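Novice: pasting a predicted model and its sequence here:
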Amino acid sequence: MKILALILTVKALINHSAVALVFFVRRARGGVPGANQRFVTVLLILLASVSVVSYFDFGQYPKHGSFLNPHDFFHYYLGAKYWRAVGYRDLYRCVVVADTENHGELRYKTMRSLDTYRKESPRAVMKNARLYRDKFDPKRWEAFKRDVAIIESIAKPDRWLGVVKDKGYNATPVWNMVASFLANEFAPADRPFGLPFLMMLDIMLAVAAAALVYRAFGFHAGTFYVVYFAAHYMMSYPHIRGAFLRLDWVTMLVMATCCIKLKRYGLAGGLTGYAATARIFPAVFVFGMGAKLLQHVGQVWRGRAHYDGRYLRFFTVFGMVVLSLFVASIVHDGGVAHWADFWDKITMHNDDLSPSRVGFKYVFLNTYGNDLDDWNTFEEVKRAEFAQRAWPWRSILAMVLVVVFFVSWRVEDYETLPLGYVLAYFMTAPTFYYHVMLIVPFLLFVPKLHSFRHAMGTALMFGLCVVWYVLSSFYGAGATRLSLSFTISYTLLGLVVYLLVTAVSPTCFVPAGKGVDCRQ
């Protein structure tokens, strides 16, 4: 834990340094006398380099012992590779049976039922072991047992028996289609470089996204983006780094934002379409582009503008990609049953409360400071309270939709996707590491460092990371207690408000060393 605390401290210092560097870069770009541009550039490169090394925990890996994340591979590799047998509800039961056969004894004391999210008896599962074994043909069952043993071999012993207490495999059938192909046909676990190759996919996507940020917004924005992505709190501990294709959706949103800036509207629509089908909730990020489309149609109708097909291109390709992937997943699964199962599971997952989730829902329910010793009672009370306050909740969401709709009219096209984070914050409350999507609204601030409001927004996003690291230290390194999640949710509410205020008073993009660029 001392190593973990040291790593988190260094990451906090990286973000603290970035706050100061934002204003040094602003002075240098503005040609302020005394601002040494070369010196500031060197500092920024050094900070980005340290940030990248920090992304890999400086080679220490206090949680898993290696960069590869066995907890995530357990769920998303096994869940995707053997989806025809385990579905969304039987992964843990099948693993308990396989582990018992591998070791010749039942080692699990408790587990979670993926049907109800309540505790389940492993002994009761073993009484029906044949039922779960028969979901596989004999050859496939032996392969499953072997893969369970392989993932156990790379996990820390004290963590392995706890993997069946999580909340299962929740990927969409589209993501499942892609991942099951990769896991079964391209990189099986028993090949020496199978799992490491799958782990590298997220890194390759992250590098591609960063390269596109450099291309679209320039050196300073791209380098600050690297610092923020690599060292921000939502990817600290626990995390989904070193996992299997878990950053695909968010890197696609970043690349889509860059493509809009580069006038590649069709490509942006395709990338956003994949993100929406891979995780569903990223679909809210296209709301602003929809508002732009309606605004443009209204202007053309009133004779105030000539027709421009860029928005139609975006939504045409978006729709084609969504429809194609949906149909392909149905063909892959042999029907729509897998989508029905997914919808049932994700509905239960969304209704569930968790001490590690972040979003406006937890501010609305005022979950701070509640005793977690009797979690089930607390959860039932809050669910009942949420049901009783349905109309205030819906009224707030409706008001937010209206605000974002009209604010979207005032921003540049590429800024509509970052503005979508406002809807993601209010309408969803995913596990805190899904808020890695903060790298998307970061792109609303960082390209316009010449503007004081945008420089302040960039500094605010780095500064919040410092606050979260400090709070994490206060609650205990790596803590995901409800009080911490609630506090993070409240601070994000402040960020969202600032995001909207900044967007209401738009500022044009100014490429370094060039004139003002307000082109759509």
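Specialist: That came in fine, so what should we check first? Numbering: from 1, shown residues only.

Novice: what about the strands in the protein?
Specialist: Remark: strands of the chain, listed N- to C-terminal, are 111-112, 119-120; assignment by DSSP state E.

Novice: partner strands of the first one and their direction?
Specialist: The partner list of strand 111-112 in its sheet, established with DSSP bridges, is strand 119-120 (antiparallel).

Novice: so how far is the lowest-mean-pLDDT helix or strand in the chain from its chain's centroid?
Specialist: Ranking every helix and strand in the chain by mean pLDDT, DSSP states H and E puts helix 375-388 at the bottom, with a mean of 81. For helix 375-388, the gap between its own C-alpha mean and the chain's C-alpha mean amounts to 26 Å (Cα atoms, centre = their mean, to the nearest Å).

Novice: kindly report the same for stretch 304-311.
Specialist: On Cα atoms, centre = their mean, the centre of stretch 304-311 falls 33 Å from that of its chain.

Novice: using CSV, write out every CA atom in it.
Specialist: Once side chains and other backbone atoms are set aside, the C-alpha atoms of stretch 304-311 remain, and they are given as CSV (Å, rounded to 0.1, in the frame of the first residue of the first chain):
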residue,chain,number,x,y,z
ARG,A,304,-30.8,32.4,-43.8
ALA,A,305,-28.4,29.8,-44.9
HIS,A,306,-27.6,27.5,-47.9
TYR,A,307,-28.0,23.8,-47.5
ASP,A,308,-24.8,22.1,-46.2
GLY,A,309,-24.8,18.3,-46.0
ARG,A,310,-22.2,17.9,-43.3
TYR,A,311,-24.8,17.1,-40.5
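
Novice: returning to that earlier point: of the strands of the chain, which is nearest I203?
Specialist: Distances from I203 to each of the strands of the chain were compared using Cβ to Cβ; the shortest belongs to strand 111-112, at 30.4 Å. For glycine as for every other residue, the C-beta is placed from the backbone atoms N, C-alpha and C.

Novice: who's in contact with that closest one?
Specialist: Outside strand 111-112, the residues that touch it by Cβ atoms under 8 Å, 6 or more residues apart in numbering are 92-93, 96, 118-122, 125, 164-168.

Novice: switch the cut-off to 7 Å
Specialist: Contacting residues not belonging to strand 111-112 are listed as 92, 96, 119-120, 122, 164-167 [Cβ atoms under 7 Å, 6 or more residues apart in numbering].

Novice: dump the strands of the chain to JSON lines, plus distance to A12.
Specialist: As requested, the strands of the chain are exported to JSON lines (distance: least, Cβ to Cβ, whole Å):
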{"stretch": "strand 111-112", "distance to A12": "33"}
{"stretch": "strand 119-120", "distance to A12": "36"}
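
Novice: list buried members of the contacts of strand 111-112 by neighbour count.
Specialist: Buried members of these, scored by 16 or more other Cβ atoms under 10 Å, are 92, 96, 120, 122, 164, 166-167.

Novice: show me the two of the residues you listed that sit farthest apart.
Specialist: Distance extremes for the buried ones among the contacts of strand 111-112: the farthest pair is P122 and K167 at 17.0 Å, using Cβ to Cβ.

Novice: follow-up on the earlier one: which of the buried ones among the contacts of strand 111-112 lies closest to F326?
Specialist: Nearest to F326, judged by Cβ to Cβ, of the buried ones among the contacts of strand 111-112 is K167 at 24.8 Å.

Novice: any idea of the pLDDT on the closest one?
Specialist: pLDDT, K167: 89.

Novice: kindly report the same for the one 3 residues further on.
Specialist: The pLDDT attached to N170 in the predicted structure is 92.

Novice: distance of it relative to N350?
Specialist: Counting by Cβ to Cβ, to the nearest Å, the gap from N170 to N350 is 10 Å.

Novice: among the two, which residue is more densely surrounded?
Specialist: Between N170 and N350, counting by other Cβ atoms under 10 Å, N170 is the more crowded of the two (18 against 14).

Novice: how many residues are close by the closest residue in space to P62 that isn't next to it in sequence?
Specialist: If you skip the residues right next to it in sequence, P62 has L4 as its closest partner in space, 4.2 Å away by Cβ to Cβ, 6 or more residues apart in numbering. Neighbouring residues of L4 were enumerated by other Cβ under 10 Å; the total is 17.

Novice: just give me the neighbour total for Y169.
Specialist: Should you count by other Cβ under 10 Å, Y169 turns out to have 24 residues around it.

Novice: which ones are touching the closest residue to R357 other than its chain neighbours?
Specialist: Of all residues beyond its chain neighbours, the one nearest R357 is A429 (4.9 Å), with distances taken as Cβ to Cβ, 6+ apart. Residues touching A429, when contacts are defined by Cβ under 7 Å, 6+ apart, comprise 357-359, 361-362.

Novice: quick check: V496 touching Y425?
Specialist: Yes - applying Cβ atoms under 7 Å as the test, V496 and Y425 come out as touching, 5.2 Å apart.

Novice: out of the contacts of strand 111-112, list just those in helices.
Specialist: 92, 96, 122 (DSSP state H).

Novice: list just the nearest of those residues to A210.
Specialist: Closest approach to A210 among the ones in helices among the contacts of strand 111-112 (Cβ to Cβ): Y92, at 36.4 Å.

Novice: the closest one - nearest residue in space that isn't next to it in sequence?
Specialist: V164 (4.2 Å).

Novice: quick check: that neighbour touching V95?
Specialist: Yes - V164 sits in contact with V95 when judged by Cβ under 7 Å, with a separation of 6.2 Å.

Novice: centre of the chain to stretch 222-236, how far?
Specialist: Its chain's C-alpha centre lies 13 Å from the corresponding centre of stretch 222-236 when counted by Cα atoms, centre = their mean.

Novice: likewise for stretch 287-306?
Specialist: Taking the mean C-alpha point of stretch 287-306 and that of its whole chain, the gap between them comes to 31 Å (Cα atoms, centre = their mean).

Novice: V336 and V327 touch, don't they?
Specialist: No - under the criterion of Cβ under 7 Å, V336 makes no contact with V327, lying 10.5 Å away.

Novice: of these two, who's got more company?
Specialist: Here V336 and V327 are set side by side on neighbour count (other Cβ under 10 Å), and the busier one is V336, at 13 against 10.

Novice: what is the neighbour count of the nearest residue to R159 once chain neighbours are set aside?
Specialist: Setting aside the residues directly before and after it, R159 is nearest to H71 in space (Cβ to Cβ, 6+ apart), at 6.9 Å. Taking other Cβ under 10 Å as the neighbour definition, H71 ends up with a count of 22.

Novice: these two touch, right, H71 and V164?
Specialist: No - the pair H71 and V164 does not pass the contact test of Cβ under 7 Å, sitting 11.0 Å apart.

Novice: just the pLDDT at the residue nearest the centre of the chain, thanks.
Specialist: Computing the C-alpha centroid of the chain and ranking residues by Cα atoms, centre = their mean puts Y434 first, at 3.0 Å. At Y434, the model reports a pLDDT of 93.

Novice: and for the one 10 residues further on?
Specialist: The per-residue pLDDT reported for L444 equals 96.

Novice: show me the contacts for it.
Specialist: By Cβ under 7 Å, 6+ apart, the contact set of L444 is 415, 418-419, 499, 503.

Novice: out of everything not next to it in sequence, what's closest to V163?
Specialist: With Cβ to Cβ, 6+ apart as the criterion, V163 has its nearest non-adjacent residue at 5.0 Å, and that residue is F74.

Novice: surely that neighbour touches A149?
Specialist: No - because the distance of 11.8 Å does not satisfy Cβ under 7 Å, F74 is recorded as not touching A149.
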